[in-house]
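**Student:** Next one to model:
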Amino acid sequence: MTWYATLGALCAADQPHVITAFGDANAELQAYQQGCTITPLSHFGLIRFQGEETQPFLQGQLSSDIRALPAGGVQYSSYSTPKGRMQATFMVIRHGDEYLLQLDQAILPALQKRLSMFILRSKTKASTAEELGQIGVAGPHAQAILNGLFGTLPATFSSAMHGDVQLIALENQRYQLLAPTSALPTLWEQLRAAGATPAGTAVWTLSEIQAGVPWVTAATQEEFVPQMANLELIGGISFTKGCYPGQEIVARTQYLGKLKRRMFRMQVASDNATAGMDVFSSEMNGQASGKIMLAAPSPTGGMEVLVVAQIASLEHGLHLGAVDGPALHNLPLPYAMN
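**Tutor:** The predicted structure is shown next:
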C-alpha cells in the first residue's frame, strides 16, 4: 500500500498537498498540547541538489551560510529577487552527500525551475526528491516516544540516521522524520502504537507559528525582505558570506537600521485568517499595515498567526481585514526581538 493510500485508509481528509484533519480537529490540538502528534508533511516538497559543486552553487543563491552546514545539519534559509524580496523560504537539510531544500509544495516547481536556470556549467544537478517523504512529530511527549523508537536523539538542528530514516531535531519539542515513502506506512504505525496521535497540517503549522518560523507560500511571495520575517533571528541569514540575489538590499537593511516591519506572533478571535490577508491599524489612513504570513486554529479559540507588520502600528493595535476588523493580540515568540 502506498503512503497516500495508507492515509486514505486512515480517513484523512486529503486536499492537494494538505491533510486537513483526521476526524477531530479539537482532539488533535489537545494532543499537541498534552501529548504527541504525528503529521504527514505533504504540504512540503523537497528539491535535491547533488554534485561536487553543489555547496558553492547554493552558497551563491541562498541567504544562509551553506558552508557552515555540517554533515547531518539543518538550517533555515531563503531565496530572493534582486530587490531582496523573498520568493521562498527553506529548511536546508544535509542528507548524505546531497543537499535537500524543503519548501512549500505549491511553489516548488517554479522555484526549482528558476534555480536550475543559474546552474549553467556548475557541477550540480537539481531534481525533485519525490521518493522521499516526511512525518512531523510534535508535543511534550514527542521526545519520549522517539527515544523509545530510536534511542538517543540528536541535538537541535542536527540529525541522525536510523537505517533509511533521517531523524531531524528542531526547536520547540519538534522533530521531522525523513524517509523513503515506501517506509512511511510502517513508521507511521510504529508511532501510533507508541502513543502518538495523527493530526492534520494545521497542527504542524501551529507548531511552526509558535516556533516563529516563517514559511513563504504562494500568497506571500515577494512580499517581505528576509529580516521582516525575523529570518536572521533563526539563523537564516549570513551577513558575512558574500554575494547572493538580494544581498545588497538585505545588508543595507541590516546596517543602515531601516527595518520598519517585523514578524509578530498574534491571536485573533476569527476563524477566517489566511496567509496573504492584510492587517490594518488606525494610524495608517486606510493603508494596510502588514500581512498574515501563516495562520492556524488555536487551542484556546480563534486563530494564531504570524503577521509581518509595521513596528510603529503595534501601539495603535492591529486588526484583521479592515480597521474595524477583529483585533489581533500579541503573543510571545521563543526568541528575542532586536
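
**Student:** For R67, give me phi and psi.
**Tutor:** phi -60, psi -20 (degrees, to the nearest 10).

**Student:** Hmm, it is touching F57, no?
**Tutor:** No - counting by Cβ atoms under 8 Å, R67 sits too far from F57 to count as a contact (11.9 Å). Every C-beta, even on glycine, is put in place using the N, C-alpha and C of the backbone.

**Student:** gap between F224 and H329?
**Tutor:** As judged by Cβ to Cβ, to the nearest Å, F224 and H329 stand 22 Å apart.

**Student:** Looking at those two, which has the bigger crowd around it?
**Tutor:** F224 (25 against 12; other Cβ atoms under 10 Å).

**Student:** That one contacts M86, correct?
**Tutor:** Yes - counting by Cβ under 8 Å, M86 is a contact partner of F224 at 5.5 Å.

**Student:** out of R67 and F57, which sits in the busier spot?
**Tutor:** Using other Cβ under 10 Å, the more surrounded residue of R67 and F57 is F57, with 22 against 11.

**Student:** any idea which helix or strand carries the more buried one?
**Tutor:** helix 54-59 (DSSP states H and E).

**Student:** so what does that helix touch, helix or strand wise?
**Tutor:** strand 98-104 (3 or more Cβ pairs under 8 Å, 6 or more residues apart in numbering; DSSP states H and E).

**Student:** For the strand it packs on, which strands pair with it and how are they oriented?
**Tutor:** Pairing partners of strand 98-104, with direction, according to DSSP bridges: strand 44-50 (antiparallel), strand 86-95 (antiparallel).

**Student:** and those strands as CSV, adding mean neighbour count and distance to A312?
**Tutor:** What follows is the strands paired with strand 98-104, written out as CSV (neighbours: other Cβ atoms under 10 Å; distance: least, Cβ to Cβ, whole Å):
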stretch, mean neighbour count, distance to A312
strand 44-50, 22, 34
strand 86-95, 23, 22
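
**Student:** what residue ranges in the stretch 1-150 of the chain score low on pLDDT?
**Tutor:** 1-17 (pLDDT under 70).

**Student:** Could I get the full set of strands for it?
**Tutor:** 14-15, 18-19, 37-40, 44-50, 74-80, 86-95, 98-104, 125-128, 132-138 (DSSP state E, counting those that start in this stretch).

**Student:** Nearest to G276 among these would be which one?
**Tutor:** strand 98-104 (12.5 Å; Cβ to Cβ).

**Student:** CA-only coordinates of the closest one, as CSV, when you get a sec.
**Tutor:** Only the C-alpha atoms of strand 98-104 are listed here, as CSV (Å, rounded to 0.1, in the frame of the first residue of the first chain):
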residue,chain,number,x,y,z
GLU,A,98,23.1,15.6,-1.0
TYR,A,99,21.5,18.9,0.0
LEU,A,100,17.7,19.0,0.2
LEU,A,101,15.7,22.2,0.2
GLN,A,102,12.4,21.8,1.9
LEU,A,103,9.8,24.4,0.9
ASP,A,104,6.1,24.9,0.3
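
**Student:** what does it rub up against?
**Tutor:** 43-50, 54-55, 58, 66, 69, 77, 88-94, 111, 129, 132, 134, 178, 215-218 (Cβ atoms under 8 Å, 6 or more residues apart in numbering).

**Student:** Next, the contact list for A31, please.
**Tutor:** 37, 139, 197, 199.

**Student:** Using the centroid of the chain, identify the residue furthest from it.
**Tutor:** N285 (32.9 Å; Cα atoms, centre = their mean).
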